[in-house]
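A.B. asks: Got a predicted model here, sequence first, then my questions.
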Amino acid sequence: MKLKNRDKQLALVKGVLDMLPLSLAILPWGILVGSLAVQQGFSAWEAQLMSALVFAGAAQLVAIELISQNASLLTLMITIFVISSRHFLYGLTLRDKLKALPVKSRLATGFVLTDELFALSGHARSYSTPLRIYYGLAAGFSMYLAWNCWTFIGIVAGSYLPDLTDIGLDFAIAVTFIALVMPSIKSWSILAAVVGAGASATLLNLASVELELIIAALVGMSLGYGLSFLDKAQDKCMEKEV
Amino acid sequence: MTVLTILLLACITFATRYLFIHPGFPIRLNARAQKFLSYSAPSVLTAIWVPIILTKNHQLAITASSPYLWGAMVAMIMAWKTKSIYLTAAAGGSVFVAVYMFNIH
């Protein structure tokens, strides 16, 4: 199916606009990644390359710390793997939608499959048409561009700026995620999943458990799945609508 | 050397993102697995944002003067009522800044 230019433009604009609040929310982290890398002895070029290729906030921050502490390559790889392991869930969840994509779109979508793009991929028909694939790529790569711009600002201006995460700008991430999660709570079982994941993530965070995120997510998912009988009636109504 | 390390890290993050969307990967998801995975988005996102609000440096940070707590509560109500990410961010952000400023003065 050939895409009309006008439709493409609309999908592009919608993708960029839907991602925009999330692209802005990562500004403090992008600046931090850029400035921290330079302060820890990375060249400007290496710092930018890292954002261009790795494209992962938490993983990059930890990697910069570990590299500057001369941690062993094995430690570095295992730590980054652990932090990135939540992506397995995203791939699994979107597998049936994304495995059918043309190879280039699939590789490109995989490359930009961040927490944020995953959050925007929840629609039942996401990635099901060329236009929807295009929308996903527009959203994903607009955030990629933003991340690299913020990193660049951090590299250039880093030492002149205060640590923006220290004055509470990590709240920006939290507030956008709240905005994404709340409307998706459409059943009792999803509510259970959310409460379970939030509570266990907090407890694991207090106990400084490394695999905090993925364990908490699995707790939430298990709770939701286990309690899905609560919304059987609701499911039936949904099926009729479809 | 650093460039090689960066390349290696890029391979790890890409692999974790791409592995399960590769059509050749030998796994089939049945309906139950799909159902289980349908809870992944709200669960992971919540596992990310709740500790930002409730903890600081692995310590519980629940106080009446916490801008995180007030901002999050307003954001939750706003997101629930309006479903708009822009309105939610604006309302939550304003309350956060207001409480933050109030604490300083």
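C.D. replies: Good, I have the coordinates. What you are looking at is a predicted structure, and each value in this text was computed from that prediction instead of being measured.
A.B. asks: thought residue A:18 was touching residue A:139?
C.D. replies: Yes - applying Cβ atoms under 8 Å, one finds residue A:18 in contact with residue A:139, separated by 5.8 Å. In this view, the C-beta of every residue, glycine as well, is placed from N, C-alpha and C.
A.B. asks: If you count surrounding residues, which of these two has more?
C.D. replies: residue A:139 (29 against 18; other Cβ atoms under 10 Å in any protein chain shown).
A.B. asks: Now do the phi/psi pair for the more buried one.
C.D. replies: Main-chain torsions, residue A:139, degrees, to the nearest 10: phi -60, psi -50.
A.B. asks: swap in residue A:204?
C.D. replies: Given degrees, to the nearest 10, the pair of backbone angles that residue A:204 has is phi -70, psi -30.
A.B. asks: Low-confidence ranges, chain B, go.
C.D. replies: B:1 (pLDDT under 70).
A.B. asks: Helices of that one, start to end?
C.D. replies: For chain B, the helices defined by DSSP state H occupy B:2-18, B:31-37, B:40-54, B:67-82, B:85-104.
A.B. asks: Go through those and name the closest to residue A:191.
C.D. replies: Closest to residue A:191 of those, according to Cβ to Cβ: helix B:40-54, at 8.9 Å.
A.B. asks: Quick one: list the elements packing against that closest one.
C.D. replies: Other elements packing on helix B:40-54 under the criterion 3 or more Cβ pairs under 8 Å, 6 or more residues apart in numbering or on different chains; DSSP states H and E are helix A:86-98, helix A:115-119, helix A:171-181, helix A:188-206, helix A:212-226, helix B:67-82.
A.B. asks: which residues touch the second one?
C.D. replies: Around helix A:115-119, the neighbours that count as contacts under Cβ atoms under 8 Å, 6 or more residues apart in numbering or on different chains are A:19, A:22-23, A:26, A:86, A:90, A:93-94, A:109, A:136, A:139-140, A:143, A:176-177, A:180, B:41, B:44-45, B:48.
A.B. asks: In JSON lines: the helices and strands packed on helix B:40-54, plus mean neighbour count.
C.D. replies: Shown next, in JSON lines, are the helices and strands packed on helix B:40-54 (neighbours: other Cβ atoms under 10 Å in any protein chain shown):
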{"stretch": "helix A:86-98", "mean neighbour count": "22"}
{"stretch": "helix A:115-119", "mean neighbour count": "24"}
{"stretch": "helix A:171-181", "mean neighbour count": "26"}
{"stretch": "helix A:188-206", "mean neighbour count": "22"}
{"stretch": "helix A:212-226", "mean neighbour count": "23"}
{"stretch": "helix B:67-82", "mean neighbour count": "20"}
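A.B. asks: out of those, nearest to residue B:36?
C.D. replies: helix A:212-226 (4.7 Å).
A.B. asks: Can you check which residues contact both of residue A:18 and residue A:139?
C.D. replies: Contacts common to residue A:18 and residue A:139, judged by Cβ under 8 Å, 6+ apart, are residue A:120.
A.B. asks: what residue ranges in chain A score low on pLDDT?
C.D. replies: A:1-2, A:159, A:162-167, A:233-242.
A.B. asks: In terms of residue numbering, what are the domains of it?
C.D. replies: By the assignment in automatic domain parsing, chain A contains the domains A:5-162, A:185-242.
A.B. asks: Between those domains, which one is closest to residue B:58.
C.D. replies: Among the domains of chain A, domain A:185-242 comes nearest to residue B:58, with 5.1 Å by Cβ to Cβ.
A.B. asks: Include distance to residue A:56 when you put the helices and strands packed on helix B:40-54 into JSON lines, please.
C.D. replies: Formatted as JSON lines, the helices and strands packed on helix B:40-54 follow (distance: least, Cβ to Cβ, whole Å):
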{"stretch": "helix A:86-98", "distance to residue A:56": "9"}
{"stretch": "helix A:115-119", "distance to residue A:56": "9"}
{"stretch": "helix A:171-181", "distance to residue A:56": "14"}
{"stretch": "helix A:188-206", "distance to residue A:56": "19"}
{"stretch": "helix A:212-226", "distance to residue A:56": "13"}
{"stretch": "helix B:67-82", "distance to residue A:56": "24"}
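A.B. asks: Which among these is found nearest to residue A:11?
C.D. replies: helix A:115-119 (14.5 Å).
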